[in-house]
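1. Okay, structure incoming, though there's no sequence with it:
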């Protein structure tokens, strides 16, 4: 399915990451956005609030982020592509209904333009410290998909992908932007509508009598029925069987939760995406995402000038993590160096994948600024020793 | 003495509520003489009105004893998170405005943890029918104190009696902007049903509170007797005063319960205001959602 031209602002623009994200949502067919103002993410919804009335969408400013996320899940059950946008403090409040969306297998997109935390932290300054919260933030076991753009153009491209992944796997997809990418202004090319491929909602073709809302479909998401189409289905945040009915048993829990995990885990090869450079013959691989990947490019260059064979790997999809590739690389390289604007979150995942075969060295930064490239270069040189 | 009028066993499919209720989920979880089943029965009786297209009716519940209603209705039913039934329902309604969206939940859910959403949806005059079953307590978790527990009543977390001032819900709803406000007890079967029928025909934020007994916890902790005693209490203490000033509708412990329809006025809903405002300010540039709502309309 191609994008509806009404939402696509085709052309070459000079946009910040927040605006690019908002434009992509509209291009991707998102027609319901609920949000609550929070720096540094608000520009995304401001853009949408200004354009939605002209393209048939509804933006509602809710009373808080709990309500925003709940409304997004509700709207998605009408088949409307839905999104909310926030930053750290709001992301914390959204965890409750991100869990509901995961449990009900509701396609939706949550944008988190990360700022420094914890608590109110640094409202206007950069952070990347919500990466583990993205993966584990709601209680219980479940899976999500998280993406991390490193430029306004990529904020556009990945927001389109986020909607497509949400529809394909019926999961909340988290756009883990950061304040720098959100507020950085660069060239953004928005292609013509007929060059934007979209995944439509996987509506069931079964009759209401045969339809089971959570009928297992291998490791794939079940077929969808919209509210109001006569399927008269039930869905719940409780552990449920194929009918969507609550069943309080260990057996049903096993089946229900296993499915939530498997549909991402068993399809990880299709979902995982990363970008590599200079890996061939490298002793050290720098693993970075978001804005830090751009700072690390210079850090790597400096290290190369100091004689280290260094490559880079940038997870574009952060969750699920590019586990397989990390394991392969750990066989041949000496060390991974992981700069990130937090006290070391994704480095834990790198370390787990490396399994002791290669070192995993964190280059932490508490936020408020990006790394000094010299710090990254020093860490690379140290790691190569 | 209870006389058995008809001993012929009735199969679940023959039951008059079978078209509306998931009989395959019976028996329900509610305790004997709990009032929630009665409220559900009155609601489905109101739905039986032939002009309603049941395929377009959605029921949204939060968490708690009343929160189980959505799961028993043979409608599109959403059993959501604690306190968030109203914002979930808001998304559902805005995503597909043709739906009749009923929020069916308890006092703890809608005005305890969900109080903020309640007042804001009322303020916006969001087009939702809210049925709130008020049993003065958190039943599902064991009879804890609620935002509605009358002063001096005992609860499991106020074992020496409640000293927190409770909400007067009709007043809360009315002052937040609700356009239809009524209260009944679970004894008022005909009046409650009529109220539901009437509210289904209205638009905007419609709020109906139903006082219902919690025999297993609230009544037991306060030694109020069995189900029949609780019904007798409603019979003695309910006072029907249509159009009463909601400021006077507060409920004191074991005191009178003012019932009736307090407010019934026509006001533009959130969507009415939105459409009118954009049409006025944007003119032909305004592209409303397709009337049927939802954007994937092949």
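-> Nice, I can see it. Note that this is a predicted model, so its numbers are computed, not measured.

2. Low-confidence stretches in chain B?
-> The model of chain B has pLDDT under 70 over residues B:1-7, B:291-298.

3. Go ahead and flag the most central residue of it.
-> Compute the mean C-alpha point of chain B, and by C-alpha atoms, centre = their mean the closest residue is residue B:131, 1.3 Å away.

4. and that residue, what element?
-> Counting by DSSP states H and E, the element that carries residue B:131 is strand B:129-134.

5. quick check, distance from that strand to the centre of its chain.
-> 1 Å (C-alpha atoms, centre = their mean, to the nearest Å).

6. Same question for stretch B:130-138.
-> Chain-centre distance of stretch B:130-138: 7 Å, with C-alpha atoms, centre = their mean.

7. picking up where we left off before, show the contacting residues for the residue nearest to the centre of chain B.
-> Listed by C-beta atoms under 8 Å, 6 or more residues apart in numbering or on different chains, the contact set of residue B:131 reads B:39, B:43, B:102, B:103, B:104, B:105, B:196, B:208, B:210. For every residue, glycine as well, the C-beta is placed using N, CA and C.

8. and it, what are its bridge partners?
-> Beta bridges link residue B:131 to residue B:104, residue B:208 when assigned by DSSP bridges.

9. what does the stretch 201-350 of chain A have sitting close to chain B?
-> With the criterion set to C-beta under 8 Å from any C-beta of the partner chain, the stretch 201-350 of chain A comes near chain B through A:201, A:203, A:226-238, A:245-246.

10. Leaving out the residues flanking it, which one is nearest to the residue of the stretch 51-200 of chain A found nearest chain B?
-> The stretch 51-200 of chain A approaches chain B most closely through residue A:74 (2.8 Å), counting by C-beta to the nearest C-beta. Excluding its sequence neighbours, the residue lying closest to residue A:74 (C-beta to C-beta, 6 or more residues apart in numbering or on different chains) is residue B:91, at 2.8 Å.

11. re earlier: just the buried positions in the host helix or strand of the residue of the stretch 51-200 of chain A closest to chain B, please.
-> Using DSSP H and E, residue A:74 falls within helix A:65-76. By 16 or more other C-beta atoms under 10 Å in any protein chain shown, the buried positions in helix A:65-76 come out as A:65, A:66, A:67, A:68, A:69, A:70, A:71, A:72, A:73, A:74, A:75, A:76.

12. quick one: it to chain centroid distance?
-> Centre to centre, stretch against its chain (C-alpha atoms, centre = their mean), the figure for helix A:65-76 is 17 Å.

13. what does the average pLDDT come to for that helix?
-> Here helix A:65-76 scores 98 as its mean pLDDT.

14. I'd like to know which elements it is packed against.
-> strand A:32-35, strand A:82-86, helix A:88-104, strand A:108-116, helix B:85-95, helix B:115-124 (3 or more C-beta pairs under 8 Å, 6 or more residues apart in numbering or on different chains; DSSP states H and E).

15. Just want the angle from the helix or strand where residue A:154 lies to helix A:65-76.
-> Under the criterion of DSSP H and E, residue A:154 resides in helix A:152-169. If you take axes from the mean of the first three to the mean of the last three C-alpha atoms, to 10 degrees, helix A:152-169 sits at 60 degrees to helix A:65-76.

16. What helices and strands are in contact with helix A:152-169?
-> strand A:11-16, helix A:17-27, strand A:108-116, strand A:145-147, strand A:172-178, helix A:179-183, strand A:185-190.

17. ok, the fifth one near chain B or not?
-> It refers to strand A:172-178. No: Strand A:172-178 is not in contact with chain B by C-beta under 8 Å from any C-beta; minimum separation 13.7 Å.

18. hang on, the earlier thing: ok, then the element right after the strand holding residue B:131?
-> Taking DSSP H and E, what comes next after strand B:129-134 is strand B:137-138.

19. Each with direction, which strands does that following strand pair with?
-> Assessed with DSSP bridges, strand B:137-138 is paired to strand B:144-145 (antiparallel).
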